[in-house]
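Asker: Next one to model:
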Amino acid sequence: MVISVNERAVKLTQWGISHQEELDILVESEQATGAVILDLGVKAKGSFLAGKFMTEVCLANLGQVSISQIAFGSLFLPAVTVTTDFPSMATLGSQFAGWQIKTADYFAMGSGPARALALKPKELYQKINYKDEFPQTVLVLESDKYPDSEALRYVADECHVDTKNIYALVAPTSSLAGSVQISGRIVEAGVHRLTEIGFDPKKIRYGCGYAPIAPIHPKAAIAMGRTNDAITYGGVTSYSVESEDDAKLKEIVHKAPSSASKDYGKTFYEAFKEAKYDFYQMDPGLFAPAMFIVNNVLTGVTYVAGKVNDRVLMETMGIQPV
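Answerer: Just a heads-up that it's a prediction; the model follows:
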């Protein structure tokens, strides 16, 4: 059976539309294109449930998402937990924020199953040997603006669908749903890091992880820093993998956590500023969970690397004991 990430995400999105009052979101049609916009935090209030829904859509409903309160060292913070039995497809094949939606008057980072139709980025889909075909699509946008007609037509062209068959979920970083869905990328962040340092993502059988939900900040740059730091300094991941070489796996796990980065200990905003506000000048090793727990199902060995850093979490989250 071939799974369509877009088919699964469209069905879940349609459920969200029918439960928009419960989610506290707004649903609108873009006049010029007929595309459906789901606002989870731009004009809408949004909610924890909306963030959970947004995360599950981004995962193409191939993962389970829950929200609770978890201890991170001395801190107790709201947190999101994600589990998936389809780690490469749900994360790299759908959730990964790998598509810049950029037109004359609009910019947003695009993620979700629409990427599997447009193959953004193509090399990542080659690594997981996956391509989707479906006449409708769902795109998740991290933005404080609705996509305009030019942006939606661009997405339609790249995905080979009609504009009226596009569902676009939008939430800014400075919103509750936005903060939840970014921390909800915890498993994806680990899968991507393992892939980048040489592990075959198709050999990851199961994935689980949790990360704190960053407190909302009205300034987008600070909110972006907090949400990234939630994973870098508070994210804990567990994977079950297949590896014929325990020594090689041990080496990879040792390199995987954010603590292996030369910039470890700095907040994201500090490192971003030092890189002159250019993501591509930052050490990619910082874009990783704080902790990895990796079980090799072929040998029974489990390797653990990294740690939660509550000191940096307290600093970046603006937490002030009274």
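
Asker: Walking through this structure, point out its helices one by one.
Answerer: For the chain, the helices defined by DSSP state H cover 5-18, 20-23, 48-58, 87, 114-118, 122-128, 149-159, 176-183, 186-196, 220-234, 246-255, 268-274, 310-316.

Asker: Minimum distance to residue 299: which of those helices has it?
Answerer: helix 246-255 (5.6 Å; Cβ to Cβ). (Glycine included, C-beta is placed from N, CA and C.)

Asker: Give me the distance between the closest one and the centre of its chain.
Answerer: 24 Å (Cα atoms, centre = their mean, to the nearest Å).

Asker: how about stretch 258-268 as CSV, C-alpha atoms only?
Answerer: Output of stretch 258-268 as CSV, limited to C-alpha atoms (Å, rounded to 0.1, in the frame of the first residue of the first chain):
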residue,chain,number,x,y,z
SER,A,258,23.0,20.1,20.0
SER,A,259,25.7,19.9,22.7
ALA,A,260,28.1,18.8,19.9
SER,A,261,27.8,22.2,18.2
LYS,A,262,30.5,24.8,18.6
ASP,A,263,27.8,27.3,19.4
TYR,A,264,26.3,25.2,22.2
GLY,A,265,25.4,27.3,25.2
LYS,A,266,24.4,30.4,23.3
THR,A,267,20.8,31.2,22.8
PHE,A,268,19.5,30.9,19.2
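
Asker: Residue 144 against residue 219, yeah?
Answerer: No - if you go by Cβ atoms under 8 Å, residue 144 and residue 219 don't touch, sitting 11.4 Å apart.

Asker: Now for those two: what residues contact both?
Answerer: Counting by Cβ atoms under 8 Å, 6 or more residues apart in numbering, the shared contacts of residue 144 and residue 219 are residue 174.

Asker: quick one on the thing from earlier: looking at the helices of the chain, which has the lowest confidence?
Answerer: Set side by side, the helices of the chain give their lowest mean pLDDT on helix 268-274, at a mean of 90.

Asker: Who are the contact partners of the residue sitting nearest the centre point of the chain?
Answerer: Nearest residue to the geometric centre of the chain (Cα atoms, centre = their mean): residue 185, 3.1 Å. Counting by Cβ under 8 Å, 6+ apart, residue 185 touches 55, 58, 91, 95, 97, 231.

Asker: about what we covered before: between residue 144 and residue 219, which has more neighbouring residues?
Answerer: The residue with more neighbours, out of residue 144 and residue 219, is residue 144; 17 against 10, by other Cβ atoms under 10 Å.

Asker: any idea how far that one lies from residue 17?
Answerer: 22 Å (Cβ to Cβ, to the nearest Å).

Asker: Now do residue 101: how many residues are near it, please.
Answerer: Neighbours around residue 101, by other Cβ under 10 Å: 22.

Asker: ok, for residue 307, nearest residue in space, not its chain neighbours?
Answerer: Nearest residue to residue 307, sequence neighbours excluded (Cβ to Cβ, 6 or more residues apart in numbering): residue 291, at 5.9 Å.

Asker: What are the neighbouring residues in contact with that neighbour?
Answerer: The contact partners of residue 291, by Cβ under 8 Å, 6+ apart, come to 235-237, 257, 304-308.

Asker: one more time with 6 Å, if that's ok
Answerer: Residues near residue 291 by Cβ atoms under 6 Å, 6 or more residues apart in numbering: 236, 257, 306-307.

Asker: Residue 289 contacts residue 187, correct?
Answerer: No - with contact defined as Cβ atoms under 6 Å, residue 289 does not count as touching residue 187 (8.7 Å).

Asker: if we can go back for a sec, so the residue nearest to residue 307 bridges to which residues?
Answerer: When assigned by DSSP bridges, residue 291 has beta-bridge partners residue 236, residue 306.

Asker: Return the per-residue confidence for it.
Answerer: 98.

Asker: Can you give me the distance of it to residue 275?
Answerer: Taking Cβ to Cβ, one finds residue 291 at 24 Å from residue 275.

Asker: tally of neighbours for residue 2?
Answerer: 7.

Asker: coming back round to it: measure the residue nearest to the centre of the chain to residue 145 for me?
Answerer: Distance from residue 185 to residue 145, by Cβ to Cβ: 21 Å.

Asker: what's the answer for residue 304, then?
Answerer: Applying Cβ to Cβ to residue 304 and residue 145 gives a distance of 42 Å.

Asker: Kindly give a single ChimeraX line that selects the buried subset of the contacts of residue 291.
Answerer: For the buried members of the contacts of residue 291, the matching ChimeraX selection, counting by 16 or more other Cβ atoms under 10 Å, is:
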select :236,257,306
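
Asker: Output the contacts of residue 291 as CSV; include the columns distance to residue 207.
Answerer: As requested, the contacts of residue 291 are arranged in CSV below (distance: Cβ to Cβ, whole Å):
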residue, distance to residue 207
236, 12
257, 15
306, 16
307, 20
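
Asker: of the contacts of residue 291, closest to residue 112?
Answerer: residue 236 (24.1 Å).

Asker: hang on, the earlier thing: columns distance to residue 169 and pLDDT on top of the contacts of residue 291, output as CSV?
Answerer: Below are those laid out as CSV (distance: Cβ to Cβ, whole Å; pLDDT from 0 to 100):
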residue, distance to residue 169, pLDDT
236, 26, 98
257, 30, 98
306, 31, 98
307, 33, 97
